[in-house]
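Asks: Using only what follows, build the 3D model:
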Amino acid sequence: MDDKKRMITLSAIDVFQQKGIEKATVSDIVKGAGIAQGTFYLYFPSKLSVMPAIAEVMIEKTIKTFHQKMNVNSPFIEQLEKLVEIVFDYTNTYRDIYALIYVGMGTNRQLHEWERIYDPYYNLVGDILEKAQENNEIRQQLQPKHTAALLIGLIESAAEQTYFYDMQDDRIAQQKKIEVLDFAEHALLVRNELR
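Replies: Now for the predicted structure:
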């Protein structure tokens, strides 16, 4: 993503959070980005068409945070725990942005772009799973790239249920993290000997 597109996207995040999707205008977004309105339309045909770019920024943040917080040579179970922790933390911290993305992309019929946006994320988790297979930490019959999509879906769904719908307290959120980890461990590990 080039610098101007990123500036527009970051401004759109701020404007949508402050005003909501309905009340936000392209004028508000370009004012926050410090660009001319015509420049906005070079990148996006409408305010809702920014949603995939917002989703890309959030995926980039998740991947960057994972690389910052995790040693890729750590055992698989530690990487899985870190992934769950990051997804739950981001979903809690950025719940308004994620809600905007889902509503905006659904409203603008852009959900078909989801797989393209998530591809780098699937690749990151798929690579982790492949390495875990090489180290005989997870079952050999798994297809890492397909399993990556399922695993991400599981973790994100649990985090979204916790923070979007249930608005649960920290104790219950922690319990859900443990349950997601237990479920994933049972599904993936060579040995089902849990902590």
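
Asks: domain assignment for this structure?
Replies: 1-45, 48-188 (automatic domain parsing).

Asks: worst average pLDDT in these?
Replies: Set side by side, those give their lowest mean pLDDT on domain 48-188, at a mean of 90.

Asks: so which strand or helix has the spatially most central residue of the chain?
Replies: Nearest to the geometric centre of the chain sits I59, at 4.7 Å (Cα atoms, centre = their mean). Per DSSP states H and E: I59 is located in helix 51-69.

Asks: what's the next secondary structure element after that helix?
Replies: The element immediately downstream of helix 51-69 (helix or strand, assigned by DSSP H and E) is helix 76-93.

Asks: what's next to the next helix or strand after that following helix, contact-wise?
Replies: Sequence-wise, the next helix or strand downstream of helix 76-93 (DSSP H and E) is helix 95-107. Residues from elsewhere that reach helix 95-107, judged by Cβ atoms under 8 Å, 6 or more residues apart in numbering: 13, 16-17, 21, 48, 50-52, 54-55, 58, 91, 110-111, 113-114, 160, 163-164. Heads up, the C-betas are built off the backbone N, CA and C, glycines and all.

Asks: Need the buried ones from the residues you listed selected in PyMOL.
Replies: Per 16 or more other Cβ atoms under 10 Å, the buried members of these correspond to this PyMOL selection:
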select buried, resi 13+16+21+48+50+51+52+54+55+58+91+110+113+160+163
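
Asks: Next, L189: phi, psi?
Replies: When read as degrees, to the nearest 10, the backbone of L189 gives phi -70, psi 150.

Asks: actually A24, not the one I typed
Replies: phi -70, psi 150.

Asks: surely it meets K47?
Replies: Yes - at 6.2 Å, A24 and K47 qualify as touching, with contact defined as Cβ atoms under 8 Å.

Asks: Common neighbours of the two, please.
Replies: A12.

Asks: Just the C-alphas of the helix holding I59, formatted as PDB.
Replies: Output in PDB follows, covering the C-alpha atoms of helix 51-69 (Å, rounded to 0.1, in the frame of the first residue of the first chain):
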ATOM      1  CA  MET A  51     -13.100  -1.000   3.900                       C
ATOM      2  CA  PRO A  52     -10.900  -3.600   2.300                       C
ATOM      3  CA  ALA A  53      -7.900  -1.200   2.800                       C
ATOM      4  CA  ILE A  54      -8.800  -0.900   6.400                       C
ATOM      5  CA  ALA A  55      -8.900  -4.700   6.700                       C
ATOM      6  CA  GLU A  56      -5.500  -4.900   5.100                       C
ATOM      7  CA  VAL A  57      -4.100  -2.400   7.600                       C
ATOM      8  CA  MET A  58      -5.500  -4.500  10.500                       C
ATOM      9  CA  ILE A  59      -4.100  -7.700   9.100                       C
ATOM     10  CA  GLU A  60      -0.700  -6.000   8.600                       C
ATOM     11  CA  LYS A  61      -0.800  -4.900  12.300                       C
ATOM     12  CA  THR A  62      -1.600  -8.400  13.400                       C
ATOM     13  CA  ILE A  63       1.300 -10.000  11.400                       C
ATOM     14  CA  LYS A  64       3.700  -7.300  12.500                       C
ATOM     15  CA  THR A  65       2.800  -7.800  16.200                       C
ATOM     16  CA  PHE A  66       3.200 -11.500  15.900                       C
ATOM     17  CA  HIS A  67       6.700 -11.100  14.400                       C
ATOM     18  CA  GLN A  68       7.600  -8.600  17.200                       C
ATOM     19  CA  LYS A  69       6.300 -10.800  20.000                       C
END
